[in-house]
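S.K.: Just a sequence and a predicted model for now, questions to come.
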Amino acid sequence: MMNGTLVTEFLILGFSEMPHLRVPLLFSFLCLYMAAISGNLLIMVTISASPALHTPMYFFLVNLAIVDILCTSTILPKLLDSMMTGRTISYGGCMAQLFFFTWSLGAELLLFSAMAYDRFVAICCPLHYSAWMGPRVCAFLAGIVWTISLTNTSVHTGLMLRLPFCSSNVIEHFFCEIPPLLKLSCAPTQLNEAMAFAADVFLAVGNFSVTILSYGFIVASILKIRSAEGKRRAFSTCSAHLIVVTMYYSTVIYTYIRPSSSYSLNKDKVVSIIYTSVAPTLNPLIYTLRNKDVKVALRRLLSCC
């Protein structure tokens, strides 16, 4: 809908070009949302109710669970609603979705670095772990994560709010994200693109480098383990973590480090599904539910119910 020359609401195309897949996609996204919410809530409750898990590693995992719930709850309910009823979203609703999604995205990328640093200290510098990863340090790192990500999304949303949208109101995507929104503006978007590029270099490329470097030191320490079984278990854990981290960072870098003019409808939708729906569902399985200590705490919690 247009008010003069200004957009008052957007039409989200979503997956309308694939009407034959509407029911399977609706069922798939509903399952992903339910799995992400239940898995992350289960992790939060299990860790909170188990004093043995009140350690830095699980502290960051609780923060990761909060971020995943924020991310999926920002995107998937509206997507499901648009697939069942209408495909419109108000201007204010679109900007709110952009704000909370960008907040969760930045927090997730920063948390991966904090978690990698925690594992680096635990494995490579175990004698300094209690000093370097004490409660105050963990709280400080978590505060930095949420503050930087909040500042980042405030800047991007503020820059988006200053743009007029008068050429079209059709978003060729399934939610309000920076690249497809920039394509709709009838004003220069160089500043928005420059800020998105700078944020991606810092949050994605920078944090990915820190994460990979940390795991590089971790792998070097693992190779010194004499026990073959110890090496196998350590490599199994690290490889699973690296798969999720690489999948998440690579898709984010692909989406945000390019100019908006190169935005591709179908390809970018598939990429976005990975970091908005698939990764938040996999994180509880890979980071915690495969963990022996979490399994024990979960059994105790369920036995008390």
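M.R.: Right, received. Where do you want to start? Numbers count the residues shown, from 1 in each chain.

S.K.: Around the closest residue to Val271 other than its chain neighbours, count how many other residues there are.
M.R.: Spatial nearest neighbour of Val271, chain neighbours left out: Thr251 (4.8 Å); criterion: C-beta to C-beta, 6 or more residues apart in numbering. Glycine gets a C-beta too; all of them are placed from N, C-alpha and C. Around Thr251 there are 21 other residues, counting by other C-beta atoms under 10 Å.

S.K.: Secondary structure element for Thr251, which one?
M.R.: helix 228-256 (DSSP states H and E).

S.K.: If you count neighbours, what's buried in that helix?
M.R.: 234, 237-238, 241-242, 244-245, 248-249, 251-256 (16 or more other C-beta atoms under 10 Å).

S.K.: same check, this time on stretch 53-66
M.R.: Neighbour counts over stretch 53-66 (16+ other C-beta under 10 Å) mark 53, 55-66 as buried.

S.K.: These in helices, which ones?
M.R.: Among the buried residues of stretch 53-66, the residues falling in helices (DSSP state H) are 56-66.

S.K.: mind listing what the residue nearest to Val145 when sequence neighbours are not counted touches?
M.R.: Using C-beta to C-beta, 6+ apart and skipping residues adjacent in sequence, the residue nearest Val145 is Leu110, 4.3 Å away. Shown in contact with Leu110 (C-beta atoms under 8 Å, 6 or more residues apart in numbering): 144-145, 148-149, 203, 207.

S.K.: And those, which of them are buried?
M.R.: Using 16+ other C-beta under 10 Å as the burial test, those include 145, 148-149, 203, 207 as buried.

S.K.: between these, which is closest to Asp81?
M.R.: Closest approach to Asp81 among the buried ones among the contacts of Leu110 (C-beta to C-beta): Ser149, at 26.0 Å.

S.K.: next structured bit after the helix or strand that contains the closest one?
M.R.: Here Ser149, judged by DSSP H and E, is contained in helix 135-161. Downstream of helix 135-161, the first helix or strand assigned by DSSP H and E is strand 170-171.

S.K.: who touches that next one?
M.R.: Residues outside strand 170-171 that contact it (C-beta under 8 Å, 6+ apart) are 10-13, 94, 180-181, 184.

S.K.: and the next helix or strand after that strand, what does it pack onto?
M.R.: The element immediately downstream of strand 170-171 (helix or strand, assigned by DSSP H and E) is helix 178-184. The contact analysis (3 or more C-beta pairs under 8 Å, 6 or more residues apart in numbering; DSSP states H and E) places helix 178-184 against helix 91-124, helix 135-161, strand 170-171, helix 190-200, helix 228-256.

S.K.: Perfect, that will be all.
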